[in-house]
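Enquirer: Sequence and predicted structure are below.
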Protein chains: 2
Amino acid sequence: MVEGDKMALEILIGGQFKIHSIYAVADWLTENAPLLAHHQDKIAEVSERELKSISSLTTPNRVLCILEIPNAKLDDTRIANSLSLVLDNIQDPGNMGSILRTADWFGIEHVFCLDCVDIYNPKVVQATMGAFLRVRVIPTDTTIFEHRHQLPVYGTFLNGENIYDTDLKQKGFIVIGNEGRGIRPHITPFISHKIKIPAYGKAESLNAAVATGVVCSVFRSR
Amino acid sequence: MVEGDKMALEILIGGQFKIHSIYAVADWLTENAPLLAHHQDKIAEVSERELKSISSLTTPNRVLCILEIPNAKLDDTRIANSLSLVLDNIQDPGNMGSILRTADWFGIEHVFCLDCVDIYNPKVVQATMGAFLRVRVIPTDTTIFEHRHQLPVYGTFLNGENIYDTDLKQKGFIVIGNEGRGIRPHITPFISHKIKIPAYGKAESLNAAVATGVVCSVFRSR
């Protein structure tokens, strides 16, 4: 479920997603009639009140789209030649959305999710600010590491090597740990390179999305 | 208002804040009796149900403290010799908390706020994860720039210089803009160094807290 003018237009123009249905107010349908020509059978005109009753936002926009969940066919060669994120047990929808937005900014194409919050949770979708249209998000399990053991797997740990002094490759996996507990013990054996963002103050940890931004930035600055 | 065992203990042990009152369940008061000896006149024993009715959390902890707002006396010499953040119109309590936590991680002592969300909003305090105990947060106006015009003032703009290639000083101000609109037009003239975090993908922007983390990281990595 995707809400709002901007994302609805991106979906109609981009065509990356198969549209199941569109619920919109009359004004919006009139304004965007040219884009809707091929979707007539999927449109339901609704009142503002009706839209509010199906929206997940406190202030709903003028349009809400239901999309089909894409069938994620993976291109192993692309994965083997790029940097991907692996999210380990990320639980907060806002963090998840913010992480996907960060991945999009830093040109990360694939984000693999191990036991995370539902990536189709409307709060996640909204918090990505459109990034879910570009970043491929793939729920998976630890076989993702086993099948690609020749690639480096980076993960942040308090006893890791200072990331600013580490030789960082532009391909492989970067594992981001759970908000409270970090990378879980049964995931740790898959990490080939333990790194850390050095602390200059006394905070115990960084927010997961902030840590993702810092790590991606250091990789891309090389 | 500060909630939770961990922060309450930090406040009792640290002594940075003047305590106005402590509301706690009987168990907690018994367990922490030695720390409470000097605060007997400020303690109110409450039931879990009463605590829930005054708490801002959906799952309240066992203790809630009311602190006096500190009287921020500024040390100009320290400010002149360190990096400070200036937050321009940050509106979201979660972002504000996350930014203060990030400032704490990167050893930023002073955070100045221009027209931001109330920094004593309980959601902000909780989201800082204790950082508000260490970072000094000062609501101010643009005179902060006028009085310190000899220091560099960095700000992120889409047309700024690539931050990875910029000569960055370890003192001055880093201005972080509003979530949707960035740095406001009337603040722009105070920026002496326009910088940007280069985008590698197609996202239009980064979350404000993520951007803060990336900028602080690049400064500290020099």
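Expert: Happy to help now that I have it. Numbering: from 1, shown residues only, chains lettered A, B, ... in the order given.
Enquirer: Buried residues, stretch A:155-166. List them.
Expert: A:Gly155, A:Thr156, A:Gly160, A:Ile163, A:Tyr164, A:Thr166 (16 or more other CB atoms under 10 Å in any protein chain shown). The way it works is simple: take the backbone N, C-alpha and C, and place the C-beta from them, glycine included.
Enquirer: Helix, strand, or coil at A:Met96?
Expert: Secondary structure, DSSP: H, G, I helix; E, B strand; the rest coil: A:Met96 is helix.
Enquirer: Looks like it contacts A:Leu87 (just checking).
Expert: Yes: counting by CB atoms under 8 Å, A:Met96 does reach A:Leu87; the two are 7.4 Å apart.
Enquirer: Overlap of the contact sets of these two?
Expert: By CB atoms under 8 Å, 6 or more residues apart in numbering or on different chains, A:Met96 and A:Leu87 have these common neighbours: A:Cys116.
Enquirer: Okay, A:Arg136 and B:Ala127: tell me how far apart.
Expert: 30 Å (CB to CB, to the nearest Å).
Enquirer: next one: A:Lys202
Expert: In terms of CB to CB, A:Lys202 sits 17 Å off from B:Ala127.
Enquirer: go on, A:Ala211?
Expert: 15 Å.
Enquirer: And for A:Leu57?
Expert: 21 Å.
Enquirer: More neighbours: those two, which one.
Expert: Neighbour totals were compared for A:Leu57 and B:Ala127, and B:Ala127 leads with 22 against 14 (other CB atoms under 10 Å in any protein chain shown).
Enquirer: and the nearest residue to that one once chain neighbours are set aside, what does it touch?
Expert: Among residues not flanking B:Ala127 along the chain, B:Gly97 sits closest, at 2.2 Å (CB to CB, 6 or more residues apart in numbering or on different chains). Neighbour list for B:Gly97: B:Lys123, B:Val124, B:Val125, B:Gln126, B:Ala127, B:Thr128, B:Met129, B:Ala131 [criterion: CB under 8 Å, 6+ apart].
Enquirer: Same question for A:Asn32.
Expert: Contacts of A:Asn32 (CB under 8 Å, 6+ apart): A:Leu9, A:Leu12.
Enquirer: do A:Gly130 as well
Expert: Applying CB under 8 Å, 6+ apart to A:Gly130 gives the contacts A:Lys6, A:Met7, A:Glu10, A:Asp104, B:Ala203, B:Glu204.
Enquirer: Next: A:Val210.
Expert: B:Ser98, B:Arg101, B:Thr102, B:Ala209, B:Val210, B:Thr212, B:Gly213.
Enquirer: who wins for most neighbours among the contacts of A:Gly130?
Expert: Going by other CB under 10 Å, A:Asp104 tops those with 26 neighbours.
Enquirer: Could you double-check that that residue sits in contact with A:Ala131?
Expert: Yes: if you go by CB under 8 Å, A:Asp104 and A:Ala131 touch, sitting 3.7 Å apart.
Enquirer: Mind listing the shared neighbours of the two?
Expert: By the contact definition CB under 8 Å, 6+ apart, A:Asp104 and A:Ala131 are jointly contacted by B:Ala203.
Enquirer: Show me what from chain A comes close to chain B.
Expert: A:94, A:98, A:101-108, A:129-131, A:134-135, A:164, A:197-207, A:209-214, A:217-218, A:220-221 (CB under 8 Å from any CB of the partner chain).
Enquirer: Geometric centre of chain A: which residue is closest?
Expert: Nearest to the mean C-alpha position of chain A, by CA atoms, centre = their mean, lies A:Leu100 at 2.8 Å.
Enquirer: helix or strand for that one, which one?
Expert: Using DSSP states H and E, the element containing A:Leu100 is helix A:93-105.
Enquirer: Now that helix - C-alpha only, PDB.
Expert: Taking Å, rounded to 0.1, in the frame of the first residue of the first chain, the C-alpha atoms of helix A:93-105 are listed here in PDB:
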ATOM      1  CA  PRO A  93       9.400   0.500  10.700                       C
ATOM      2  CA  GLY A  94      10.900   4.000  10.800                       C
ATOM      3  CA  ASN A  95      14.400   2.700  11.000                       C
ATOM      4  CA  MET A  96      13.800   0.200   8.200                       C
ATOM      5  CA  GLY A  97      12.400   3.000   5.900                       C
ATOM      6  CA  SER A  98      15.300   5.300   6.800                       C
ATOM      7  CA  ILE A  99      17.800   2.500   6.000                       C
ATOM      8  CA  LEU A 100      16.300   1.900   2.600                       C
ATOM      9  CA  ARG A 101      16.300   5.600   1.800                       C
ATOM     10  CA  THR A 102      20.000   5.700   2.900                       C
ATOM     11  CA  ALA A 103      20.700   2.600   0.700                       C
ATOM     12  CA  ASP A 104      19.100   4.400  -2.200                       C
ATOM     13  CA  TRP A 105      21.200   7.500  -1.600                       C
END
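Enquirer: roughly how far is it from the heart of the chain?
Expert: 5 Å (CA atoms, centre = their mean, to the nearest Å).
Enquirer: what mean pLDDT would you report for that helix?
Expert: Averaging the model's pLDDT scores along helix A:93-105 yields 95.
Enquirer: same deal with stretch A:153-161?
Expert: 94.
Enquirer: What residues does A:Ala211 make contact with?
Expert: A:Thr156, A:Ile176, A:Ile197, A:Ser205, B:Gly213.
Enquirer: Where is pLDDT lowest across these?
Expert: Minimum pLDDT for those is recorded at A:Ser205 (90).
Enquirer: tell me the secondary structure for A:Cys39?
Expert: To be clear, residue A:39 is His; Cys isn't right here. Recorded secondary structure, A:His39: helix (three-state DSSP).
Enquirer: That one reaches A:His20, doesn't it?
Expert: No: at 10.2 Å, A:His39 does not count as touching A:His20 under the criterion of CB under 8 Å.
Enquirer: Can you tell me the SS state at A:Pro70?
Expert: A:Pro70 is classified as coil under three-state DSSP.
Enquirer: Tell me how many other residues surround it.
Expert: Neighbours of A:Pro70 (other CB under 10 Å): 12.
Enquirer: quick one: contacts for it?
Expert: Going by CB under 8 Å, 6+ apart, A:Pro70 touches A:Gln16, A:Phe17, A:Lys18.
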